[in-house]
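Engineer: Provided below for reference: sequence and predicted model.
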Protein chains: 2
Amino acid sequence: MKQEETVYQYIEKAILENRMPPGTRLREVQLADIFGVKRGLIRKVLSRLTSAKLVDHIPNVGAQVACPSLKDGQDLFATRQILEQSVVRQLSGNLSHEQIKSLREYIQQEQQAYQIGDSQKGVGLSAGFHRKLAELTGNRVLLEFLQDIINRTPLVMMSLSQPDPTRACINHDHRNLIDALEAGDSDAAVAIMQQHLQQLEGMFSDETPEPATDLEQIFQQP
Amino acid sequence: MKQEETVYQYIEKAILENRMPPGTRLREVQLADIFGVKRGLIRKVLSRLTSAKLVDHIPNVGAQVACPSLKDGQDLFATRQILEQSVVRQLSGNLSHEQIKSLREYIQQEQQAYQIGDSQKGVGLSAGFHRKLAELTGNRVLLEFLQDIINRTPLVMMSLSQPDPTRACINHDHRNLIDALEAGDSDAAVAIMQQHLQQLEGMFSDETPEPATDLEQIFQQP
DNA sequence: TGGTAAAAGATTGTCAACAATAATTATATA
DNA sequence: TATATAATTATTGTTGACAATCTTTTACCA
């Protein structure tokens, strides 16, 4: 695979999984050494992460994991409501049996992950469920935007709320949502999504986590 | 001003104003010579324009002005409908007298530009009106997304429709929209926006314009 | 003539060395 | 000791030269 893409995904994953809390400094030479690549490649990756708003870049000082403000979080969730409510309204009553079946299988995986205590995997699958819904609309621009928002959400949660295993999506909601989509009850589907996201947003507080320092250790486990 | 920003805006403007039609090749050394900057700076700018989807980049071949497909255009407009309908619904009945007045002054400028035949300026102001609405929501994420969409729209129109001075926003719609916003008639406001965008989208065809070749000439006039 | 292969040219991609800037430490002084 | 200032170190930013790749031209042959 393309080297740049690999490095990008490693760092992105480490940020999304909160192994590098907001504020953690990302030094170019250090990252280059860790991944065994040239500094120029790291610069490109950090630049991309910056435009994805996962990283803050201060000229002549450097990059650090982004620290979204409370307002950033509120605006993100407000926009997410607009887009995801539209998604479920579009999908409601318009999914094939195969598509419904595929969604049900997906949330079963999700549930299993939580049951065996792998909340890390569960959170990832929960985010994946929302992406899957966006994919089903077939609208690539909408998918692109929602992907962007979904990726930014973990950082917002980390910046603004206590680390808490229950902060993930509620699997029960996902099941109810699929039922409503299958039944073609678009009002119910929209209402479920609205409450679902509101509940997530409700977990904000004003705690600020400590930045990480030991990057080598963080990238031990791929 | 920062050199990179200046160059970015020059090239962006040239693309948005259709001085470089879709498919026009953007050679690094040529652009570097034109703007009197190093090639590295041009590479950064082209990279940013690529992630803004105004430029297509083919590895080891180079950059060219993006050629959005018909589906790209449809998806873009569908997403624009979602976001802009939400904007006017939020704004309806929630604007101060000053804000309404500012909007009216704005479309007066717009109208004047069209009346004196400066359709170039008119198109720019029309796009600005839509951005202004997004700004008034106060939601920076929403603004960011809509800005992105508004910037991509001219390229879509150029790729998919005949160059046509009437392709711009209809000023009359903008006036009616402000009236509805002031009156707090959100349903009317949404309906106006819906029809307004639909009309714009209706101008698609399957013509493909010729790429430009003489970049020096294009950048004569800043 | 038409088509294929080699050579030449043009263009993008990468890198290592250097420059510029910021952060840290050491030093001097009241 | 506390503060200001200078020297040092660490880090990011830039550049020119070279490498890799693609495109065009040329030469050759059936």
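Structural biologist: Arrived safely, thanks for sending.
Engineer: tell me the secondary structure for A:Asp56?
Structural biologist: What DSSP: H, G, I helix; E, B strand; the rest coil gives for A:Asp56 is strand.
Engineer: Please name the residues that touch the residue lying closest to it once chain neighbours are set aside.
Structural biologist: Excluding the flanking residues, the one nearest A:Asp56 by C-beta to C-beta, 6 or more residues apart in numbering or on different chains is A:Ala66, at 4.8 Å. Yep, even glycine has a C-beta here, placed from its N, CA and C like the rest. By C-beta atoms under 8 Å, 6 or more residues apart in numbering or on different chains, the residues touching A:Ala66 are A:22, A:53-56, A:155.
Engineer: ok, of those residues, which one's closest to B:Asn151?
Structural biologist: A:Lys53 (17.5 Å; C-beta to C-beta).
Engineer: Next one: that closest one from B:Val141, what distance?
Structural biologist: According to C-beta to C-beta, to the nearest Å, A:Lys53 and B:Val141 sit 9 Å apart.
Engineer: go on, A:Glu182?
Structural biologist: Separation of A:Glu182 from B:Val141 (C-beta to C-beta): 31 Å.
Engineer: and stretch A:75-91, anywhere near chain B?
Structural biologist: Yes - contact of stretch A:75-91 with chain B (C-beta under 8 Å from any C-beta of the partner chain) involves A:75-76, A:78-79, A:82-83, A:86.
Engineer: So which of those residues are in helices?
Structural biologist: A:75-76, A:78-79, A:82-83, A:86 (DSSP state H).
Engineer: Using TSV, please lay out those residues together with neighbour count and pLDDT.
Structural biologist: Below are those laid out as TSV (neighbours: other C-beta atoms under 10 Å in any protein chain shown; pLDDT from 0 to 100):
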residue	neighbour count	pLDDT
A:Asp75	21	97
A:Leu76	24	98
A:Ala78	18	98
A:Thr79	25	98
A:Ile82	22	98
A:Leu83	22	98
A:Ser86	24	98
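Engineer: Could you give the backbone dihedrals for A:Asp185?
Structural biologist: phi -90, psi 90 (degrees, to the nearest 10).
Engineer: Now name the helix or strand holding the residue nearest the centre of chain A.
Structural biologist: The centre of chain A sits closest to A:Asn151, judged by C-alpha atoms, centre = their mean, with a distance of 3.3 Å. Element membership of A:Asn151, judged by DSSP states H and E, is helix A:140-160.
Engineer: tell me the angle of that helix relative to helix B:140-160?
Structural biologist: In terms of direction (axes from the mean of the first three to the mean of the last three C-alpha atoms, to 10 degrees), helix A:140-160 departs from helix B:140-160 by 160 degrees.
Engineer: elements contacting helix A:140-160?
Structural biologist: In this structure, helix A:140-160 packs against helix A:3-16, helix A:70-91, helix A:119-136, helix B:70-91, helix B:140-160, with contacts taken as 3 or more C-beta pairs under 8 Å, 6 or more residues apart in numbering or on different chains; DSSP states H and E.
Engineer: Turn the ones you listed into JSON lines, including distance to B:Phe129.
Structural biologist: What follows is the helices and strands packed on helix A:140-160, written out as JSON lines (distance: least, C-beta to C-beta, whole Å):
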{"stretch": "helix A:3-16", "distance to B:Phe129": "36"}
{"stretch": "helix A:70-91", "distance to B:Phe129": "20"}
{"stretch": "helix A:119-136", "distance to B:Phe129": "29"}
{"stretch": "helix B:70-91", "distance to B:Phe129": "11"}
{"stretch": "helix B:140-160", "distance to B:Phe129": "10"}
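Engineer: so which of those helices gets nearest DNA strand C?
Structural biologist: Taking C-beta to the nearest atom of the strand, helix A:3-16 is the member of those nearest to DNA strand C, at 7.4 Å.
Engineer: Who are the packing partners of that closest one?
Structural biologist: helix A:28-35, helix A:39-51, helix A:140-160.
Engineer: That one close to DNA strand D?
Structural biologist: No - using C-beta under 7 Å from any atom of the strand, helix A:3-16 never reaches DNA strand D; the gap is at least 12.7 Å.
Engineer: surely A:Leu41 meets A:Val7?
Structural biologist: Yes - A:Leu41 is within contact range of A:Val7, at 6.5 Å (criterion: C-beta atoms under 8 Å).
Engineer: so who does A:Ile82 touch?
Structural biologist: Here A:Ile82 is in contact with B:82-83, B:86, B:142 (criterion: C-beta under 8 Å, 6+ apart).
Engineer: ok so, going back, chain center to the helix holding A:Asn151: distance?
Structural biologist: 5 Å (C-alpha atoms, centre = their mean, to the nearest Å).
Engineer: can you give me the angle that helix makes with helix A:70-91?
Structural biologist: 140 degrees.
Engineer: Check which residues of stretch A:115-131 are buried.
Structural biologist: A:119, A:122-127, A:129-130 (16 or more other C-beta atoms under 10 Å in any protein chain shown).
Engineer: can you put those in TSV and add distance to chain B and pLDDT?
Structural biologist: Output for the buried residues of stretch A:115-131, formatted as TSV (distance: C-beta to the nearest C-beta, whole Å; pLDDT from 0 to 100):
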residue	distance to chain B	pLDDT
A:Ser119	27	84
A:Gly122	26	90
A:Val123	21	89
A:Gly124	23	92
A:Leu125	25	94
A:Ser126	21	94
A:Ala127	17	95
A:Phe129	20	97
A:His130	16	98
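Engineer: which of these sit farthest apart?
Structural biologist: A:Ser119 and A:His130 (16.9 Å).
Engineer: Domain map for chain A?
Structural biologist: Listed by automatic domain parsing, the domain ranges of chain A are A:3-67, A:70-201.
Engineer: Mean pLDDT lowest where, among these?
Structural biologist: Note on the domains of chain A: lowest mean pLDDT is at domain A:70-201, with a mean of 93.
Engineer: From A:Phe204, how far off is A:Leu41?
Structural biologist: Taking C-beta to C-beta as the measure, A:Leu41 falls 36 Å from A:Phe204.
Engineer: got the contacts of A:Ile82 as TSV, with distance to B:Glu135 columns?
Structural biologist: Shown next, in TSV, are the contacts of A:Ile82 (distance: C-beta to C-beta, whole Å):
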residue	distance to B:Glu135
B:Ile82	18
B:Leu83	13
B:Ser86	14
B:Leu142	10
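Engineer: Reformat those residues as CSV; add distance to DNA strand D.
Structural biologist: Formatted as CSV, these follow (distance: C-beta to the nearest atom of the strand, whole Å):
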residue, distance to DNA strand D
B:Ile82, 36
B:Leu83, 33
B:Ser86, 36
B:Leu142, 29
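Engineer: quick one: which of those is nearest to A:Gln30?
Structural biologist: A:Gln30 lies nearest to B:Leu142 out of the contacts of A:Ile82, by C-beta to C-beta, at 36.2 Å.
Engineer: and the closest residue to that closest one other than its chain neighbours, how far is that from A:Glu12?
Structural biologist: Distances taken as C-beta to C-beta, 6+ apart put A:Thr79 closest to B:Leu142, at 4.9 Å, once the chain neighbours are dropped. The gap separating A:Thr79 from A:Glu12 is 21 Å, by C-beta to C-beta.
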